[in-house]
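# Using only what follows, build the 3D model:
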Amino acid sequence: MKKRDIILFAIVVILIVQAVFINKYFNSGQGGRVEVYVENKLYNTYPLDKDQKIDIGEKNGRVNKIYIHNKGVEMTTANCPDKVCVHTGFINKPGQSIVCLPHKINVKIVSNDISKVDKDVTAK
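Presented below is the predicted three-dimensional model:
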């Protein structure tokens, strides 16, 4: 290897390490709350730092169970046919969501950091 190859390799390694640290820095802040939407309407908001189980059993025989724990959330039970929402697993970062299309349920983690909130949302 020539000297230029070693320098190029070192620069690439430094850039990769910087990218990893920047990613960890921006994703290290846990979301502050869980928002649950049913049929595109806010069902309820729950703190992310309090362990709790939520049962959503409403019209049309829908059954969905949400479990908030370890500063994250997962859908543990659903009686929908495909169970994609259950297979989504545990989420714990702002912007992540669990969606149950057959039951029209959306569970998402929202940050409490006002600088990360969309300007359109704050204008409403």
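# contacting residues for the most centrally placed residue in the chain?
Centroid check for the chain by Cα atoms, centre = their mean gives Gln96 as the closest residue, at 2.3 Å. Shown in contact with Gln96 (Cβ atoms under 8 Å, 6 or more residues apart in numbering): Lys108, Ile109. For glycine as for every other residue, the C-beta is placed from the backbone atoms N, C-alpha and C.
# Need the pLDDT of it.
As predicted, Gln96 sits at a pLDDT of 91.
# Glu35 versus that one, what's the distance?
As judged by Cβ to Cβ, to the nearest Å, Gln96 and Glu35 stand 12 Å apart.
# before we move on, what about Lys71?
From Lys71 across to Glu35, the span is 15 Å (Cβ to Cβ).
# and what of Tyr46?
Taking Cβ to Cβ as the measure, Tyr46 and Glu35 are separated by 8 Å.
# Tyr37 is in what secondary structure piece?
strand 33-38 (DSSP states H and E).
# related to what we said a few turns ago, pull up the overlap in contacts between Gln96 and Glu35.
Counting by Cβ under 8 Å, 6+ apart, the shared contacts of Gln96 and Glu35 are Lys108, Ile109.
# so where do the strands sit in the protein?
Assigned strands in the chain, in chain order: 33-38, 41-47, 52-58, 62-69, 72-78, 97-100, 105-110 (criterion: DSSP state E).
# list the helices and strands the shortest one packs on?
Based on contacts counted as 3 or more Cβ pairs under 8 Å, 6 or more residues apart in numbering; DSSP states H and E, the elements that strand 97-100 packs against are strand 72-78, helix 84-88, strand 105-110.
# Using CSV, lay out the ones you listed together with distance to Lys65, mean pLDDT and mean neighbour count.
Shown next, in CSV, are those (distance: least, Cβ to Cβ, whole Å; pLDDT from 0 to 100; neighbours: other Cβ atoms under 10 Å):
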stretch, distance to Lys65, mean pLDDT, mean neighbour count
strand 72-78, 4, 93, 20
helix 84-88, 9, 93, 17
strand 105-110, 11, 92, 21
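# Much appreciated, bye for now.
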